[in-house]
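A.B. asks: could you look at this predicted model? Sequence included:
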Amino acid sequence: MTREIHYKMWQLAGPIIISNISVPMLGAVDTAVMGHLPDAKYLGGVAVGALVFTFIYWGFGFLRMGTGGLTAQAFGAEDADEIRACLARAAVIGIPVALILIILQAPIAWAAFSILEATTEVELLAEEYFYTRIWGAPATLMNFALLGWFIGVQNTKAALWHQLILNGVNIVLDLVFVIGFGWGVAGVAAATAMADVAAVAFGLWLALPILRRLGGAFVREKILEGEKIRRTVALNIDIFIRTICLVSAFAYFTAQGAAFGNVVLATNAVLLNFQTFMAHALDGFAYAVEAMGGRAIGARDRDAFREAVRVSMLWGTIVAIGFSLVYLMGGSAIVDLLTGIDDVRDAAREYISWSVVMPLIAVFPFILDGVYLGAARGRTMRNAMIASLVTYLVACFFFVPAWGNHGLWASLLIFMGARGITLGLRYPALQRSVGAA
């Protein structure tokens, strides 16, 4: 049993880790093409513009997270019609939401840039980024649903190819539009929007043979079933609130960094790539335990659920230690690859120790997020994140005035620790509930 669960964990996590590596690679390319332009304002413009979309799209990340957990449970229960309905419901929710975002783009931009503090130069570039990328919203949200569904049916190879196409096309277009055509910040945004459209088409093509193999049918009455809609909406609202809190923490982090000036803003943007690389690798195990744990819950198998959690936590911790060692020994070299601006390089070396410690703390909330998503326990995730955000803001209140940017990074580390503790406290009750009448 133990050997099989280790094999299954890597069978699911491996493709996700490989595909996720392409995500921070994309962020690194964005940073690199902007970071090698002659002024830090370009890097800051992309950082602030991308932050707005992070806030928006992570807020609607329930289309991936909710779809994955509910699909995994339907997969464990061997309900083919419900597996199809989970994908259809995500599309029914996501596409109208995206159209609303496009219609309301002007007030959204006004609100976002009223909140964020940045220099006039950076804000103008960020607005250029926003008004270009917003047109890809329908494709972006549909890609969330497809990714969650692939994970839920435990077909992480499809998730791998979907993400590789998404990020590979984005990277190529980044280089063509920015380096080749000289479009600057607008080129980065256009590359992202066009890559999302390409990925939706490819993802739907990948889904067709999976649907044929699973059998069943798209039943209109089942898709629009009142109780299932209610459960999906309730889960999505909880995940939405949880995600808004998470993104708010990082938005506050970027806003506080911007208040220290363009160099610190750019420095933090560079160092957040370290966090992104680590997060996307650990997400491989989080996605795997989401799929395996959700299936175990659907099959009412407590032993399988417990083993999935234990093995994912073991391998996640091993990988987190590996990232810390890489950052300790090669962090300066990574910084030099990401930017050629001497002031930013020097500042990044001053703060890099926080990136070395972060994986050792962040691994626990990352893996537990996957556990609770597979269990579709949105309320628990919501409450834990609210408590963690409050802890983070209190830490910022005391530490940022005293220690500046070091205090900001210390507060972010405390935030990660609080997430792990608040989720961990609820885990024993979750485990007892699996298979219970």
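C.D. replies: Structure's in. What do you need? Source: prediction; values computed, not measured.

A.B. asks: how far does whichever strand or helix holds residue 43 sit from its chain's centre?
C.D. replies: In this assignment (DSSP states H and E), residue 43 forms part of helix 40-59. Computed by Cα atoms, centre = their mean, to the nearest Å, the chain-centroid distance of helix 40-59 equals 14 Å.

A.B. asks: now do stretch 206-220
C.D. replies: Stretch 206-220 sits 27 Å away from the centroid of its parent chain (Cα atoms, centre = their mean).

A.B. asks: got the contact list for it?
C.D. replies: Stretch 206-220 is touched from outside by 79-81, 83-85, 87-88, 146, 149-150, 153, 155, 158, 161-162, with contacts defined as Cβ atoms under 8 Å, 6 or more residues apart in numbering. All C-beta spots, glycine's among them, are computed from the backbone N, C-alpha and C.

A.B. asks: run the last query once more with 7 Å
C.D. replies: 80, 81, 83, 84, 88, 146, 153, 155, 158, 161, 162 (Cβ atoms under 7 Å, 6 or more residues apart in numbering).

A.B. asks: start and end of it, how far apart?
C.D. replies: 22 Å (Cα to Cα, to the nearest Å).

A.B. asks: ok, now which ones touch residue 90?
C.D. replies: Going by Cβ under 7 Å, 6+ apart, residue 90 touches 63, 67, 145, 148.

A.B. asks: so how far is residue 289 from the third one?
C.D. replies: In this structure, residue 145 and residue 289 are 20 Å apart, going by Cβ to Cβ, to the nearest Å.

A.B. asks: looking at the two now, which is surrounded by more residues?
C.D. replies: Using other Cβ atoms under 10 Å as the criterion, residue 145 and residue 289 rank with residue 289 on top: 31 against 28.

A.B. asks: just checking, next helix/strand downstream of the helix holding residue 43?
C.D. replies: Scanning forward in sequence from helix 40-59 by DSSP H and E, the next helix or strand is helix 62-76.

A.B. asks: next, the angle helix 40-59 makes with that next one.
C.D. replies: Calculated by axes from the mean of the first three to the mean of the last three Cα atoms, to 10 degrees, helix 62-76 forms an angle of 40 degrees with helix 40-59.

A.B. asks: show the average pLDDT along the next helix or strand after helix 62-76.
C.D. replies: Next in sequence after helix 62-76, counting helices and strands by DSSP H and E, comes helix 80-103. Per-residue pLDDT over helix 80-103 has a mean of 88.

A.B. asks: equivalent analysis for stretch 316-331, please.
C.D. replies: So the average pLDDT for stretch 316-331 ends up being 94.

A.B. asks: rewinding a little: between the contacts of residue 90, which sits nearest residue 130?
C.D. replies: Using Cβ to Cβ, residue 63 comes nearest to residue 130 of the contacts of residue 90, at 20.7 Å.

A.B. asks: do you know how far the closest one is from residue 147?
C.D. replies: Residue 63 is 9 Å from residue 147, where distance means Cβ to Cβ.

A.B. asks: and residue 100, by the same measure?
C.D. replies: From residue 100 over to residue 147 the distance is 21 Å, taken as Cβ to Cβ.

A.B. asks: next one: residue 370
C.D. replies: Distance of residue 370 to residue 147, given as Cβ to Cβ: 14 Å.

A.B. asks: which one of the two has more residues nearby?
C.D. replies: Neighbour totals were compared for residue 370 and residue 147, and residue 370 leads with 32 against 25 (other Cβ under 10 Å).

A.B. asks: so the more buried one, which state does it fall into?
C.D. replies: Following DSSP: H, G, I helix; E, B strand; the rest coil, we place residue 370 in the helix state.

A.B. asks: pretty sure residue 381 contacts residue 240?
C.D. replies: No - using Cβ atoms under 7 Å, residue 381 is not in contact with residue 240, being 10.8 Å away.

A.B. asks: who has more neighbours out of these two?
C.D. replies: Taking other Cβ under 10 Å, residue 381 and residue 240 do not tie; residue 381 has more neighbours (29 against 21).

A.B. asks: give me the distance from the host helix or strand of the more buried one to the chain's centre.
C.D. replies: Element membership of residue 381, judged by DSSP H and E, is helix 378-403. Relative to its chain's centre, helix 378-403 lies at 19 Å (Cα atoms, centre = their mean).

A.B. asks: and what of stretch 168-175?
C.D. replies: Centroid separation for stretch 168-175 versus its chain: 19 Å, with Cα atoms, centre = their mean.

A.B. asks: what does stretch 51-62 contact?
C.D. replies: The list of residues contacting stretch 51-62 from outside it, by Cβ under 7 Å, 6+ apart, reads 97, 101, 112, 130, 133, 140-141, 144, 236, 239-240, 243-244, 246-247, 250-251, 254.

A.B. asks: on that earlier part again, joint contacts of residue 63 and residue 147?
C.D. replies: Counting by Cβ under 7 Å, 6+ apart, residue 63 and residue 147 have no contacts in common.

A.B. asks: in the stretch 151-300 of the chain, which ranges drop under the pLDDT threshold?
C.D. replies: Applying pLDDT under 70 to the stretch 151-300 of the chain flags no residue at all.

A.B. asks: ditto for the stretch 301-437 of the chain
C.D. replies: Applying pLDDT under 70 to the stretch 301-437 of the chain picks out residues 436-437.

A.B. asks: repeat that for 80
C.D. replies: For the stretch 301-437 of the chain, the stretches flagged by pLDDT under 80 are 339-340, 435-437.
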